[in-house]
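> dropping a prediction and its sequence here:
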Amino acid sequence: MRPVRGGKLVCTLNCFLPLGRKYHPLLRLLNGSQGLLAIPFGQYRVMKPAAWIKSITSELVLGEDMAIEFEPLKALCQRCTNGHLIDVGANLGLYTLLFRATSPLPIIAYEPQPFLFKLLQWNIAGNELSGVDARNLACGNQRGEVAFSTGLNGSIVAGNSAQASGSNRPDAPSSGGWAAEAQKTLAGGIVNVPVTTLDENLADIEKIAVLKIDCEGYEYQILQGARGLLKRHRPLLFVEVHPEQLVSFGHSTRELLELISPDYELEFWYFQIGRHASKLACSLAKFRRPQAHRCADVAEMLAAAESTPGPAQVYFIGQPRKK
């Protein structure tokens, strides 16, 4: 692991000529493709394989704007004085870092994809985060095992026809090193991963303050497996809803709304990033800070979620209804 070289240079160049991730050849020249690079991210650093140089370049340019959608939840987290923060779909740990920067409360982070889980562990250890429990599990509505598609944003595979290509669950880099594993993950594949329910896995937790879910269309099943938890703990909710992917798992944004709304007062946000009608507008949007939009009501949110092209994600932020 080593600090990224040329980061300040790229950020300076981007201020004058905003080409964003197109500066990746310069960073590749300065850093090579081996090992892990540490990228500044607010008060912390994010560790990523040097082989993912395009993603690293974007992160350098955008900084914490890589996760601008965290902002609506930040004030709510700061109000919480006890309980756990639950990060379902932690990926390599951006939200885990943001949670820790916002709150001292204990964190439980779930990430099923083997290589991303390894990076999550490195980001926890490399930033010397305390009070973080990382669990290499998927979450759903029943306990068992599921096929999981790997990648920068992996997801559970819809349907029953997927076959895993191997265990792919090492505890340390393979003989090919970080670069080989990073390229393998980037190329994609299917592995089997264990799945649990939040009701079962968090049964011994006394208090849950916040439940965040980002699972590429599997959010309905996860909330089905957390019905007891929601009744007992009444946590604040932050659910990243993927309208298109929900359909592949047999559900819709409307159904998800119907599942949550009886017990929660909800507000809805989206961040229009690269979801424009023209290629030119899409390209220009990548060089601007993502714009947040809060929907006025349910009707506006559903219209956005069901439009083409619509936002890739809609965020449900919920507070429990008063009894």
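Perfect, thanks for sending it. Keep in mind it's a predicted model, so treat the numbers as computed, not measured.
> which residues does the helix or strand where Leu60 lies contact?
Assigned by DSSP states H and E, Leu60 falls within helix 53-62. With contacts defined as Cβ atoms under 8 Å, 6 or more residues apart in numbering, helix 53-62 is touched by 4, 7, 10-11, 14, 20-24, 27-28, 31, 33, 37, 39-41, 46, 48, 50, 66, 152, 289. In this view, the C-beta of every residue, glycine as well, is placed from N, C-alpha and C.
> which parts of the stretch 151-300 of the chain are helices?
In the stretch 151-300 of the chain, the helices defined using DSSP state H, counting those that start in this stretch lie at 177-187, 198-201, 219-224, 227-233, 243-248, 253-260, 279-285, 298-305.
> for those, which one ends up most surrounded?
Counting by mean count of other Cβ atoms under 10 Å, helix 219-224 has the highest mean neighbour count of these, with a mean of 22.
> elements contacting that one?
Using 3 or more Cβ pairs under 8 Å, 6 or more residues apart in numbering; DSSP states H and E, the elements in contact with helix 219-224 are strand 208-214, strand 236-241, helix 253-260.
> mind saving the C-alpha coords of the second one as CSV?
Just to be clear, that refers to strand 236-241. C-alpha atoms of strand 236-241 as CSV (Å, rounded to 0.1, in the frame of the first residue of the first chain):
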residue,chain,number,x,y,z
LEU,A,236,-33.8,5.5,10.6
LEU,A,237,-33.9,4.2,7.1
PHE,A,238,-31.7,5.0,4.1
VAL,A,239,-32.5,2.8,1.2
GLU,A,240,-30.9,3.1,-2.2
VAL,A,241,-33.7,1.9,-4.6
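> please go through this protein and pick out the longest helix.
Ranked by residue count, the top helix of the chain under DSSP state H comes out as helix 114-126.
> other residues contacting that one?
1, 36, 38, 44-49, 90-93, 96-97, 109, 111, 132, 134, 136, 150, 154, 168-173, 181-182, 184-185, 191, 193.
> just the CA trace of that helix, in CSV.
The C-alpha atoms that make up helix 114-126 are tabulated as CSV, following Å, rounded to 0.1, in the frame of the first residue of the first chain:
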residue,chain,number,x,y,z
PRO,A,114,-15.0,-11.7,-1.6
PHE,A,115,-12.5,-9.3,-3.1
LEU,A,116,-14.5,-6.2,-2.1
PHE,A,117,-14.8,-7.5,1.4
LYS,A,118,-11.0,-7.9,1.5
LEU,A,119,-10.7,-4.2,0.5
LEU,A,120,-13.3,-3.2,3.1
GLN,A,121,-11.1,-4.9,5.7
TRP,A,122,-8.1,-3.0,4.4
ASN,A,123,-9.9,0.3,4.5
ILE,A,124,-11.0,-0.3,8.1
ALA,A,125,-7.6,-1.4,9.2
GLY,A,126,-5.7,1.2,7.1
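> okay, the angle between it and helix 177-187?
Here helix 114-126 runs at an angle of 130 degrees relative to helix 177-187 (axes from the mean of the first three to the mean of the last three Cα atoms, to 10 degrees).
> buried ones in helix 114-126, by neighbour count?
For helix 114-126, the neighbour count (16 or more other Cβ atoms under 10 Å) marks Pro114, Phe115, Leu116, Phe117, Lys118, Leu119, Leu120, Gln121, Trp122, Asn123, Ile124, Gly126 as buried.
> please work out the average pLDDT along stretch 19-37.
Per-region confidence: stretch 19-37 scores 93 on mean pLDDT.
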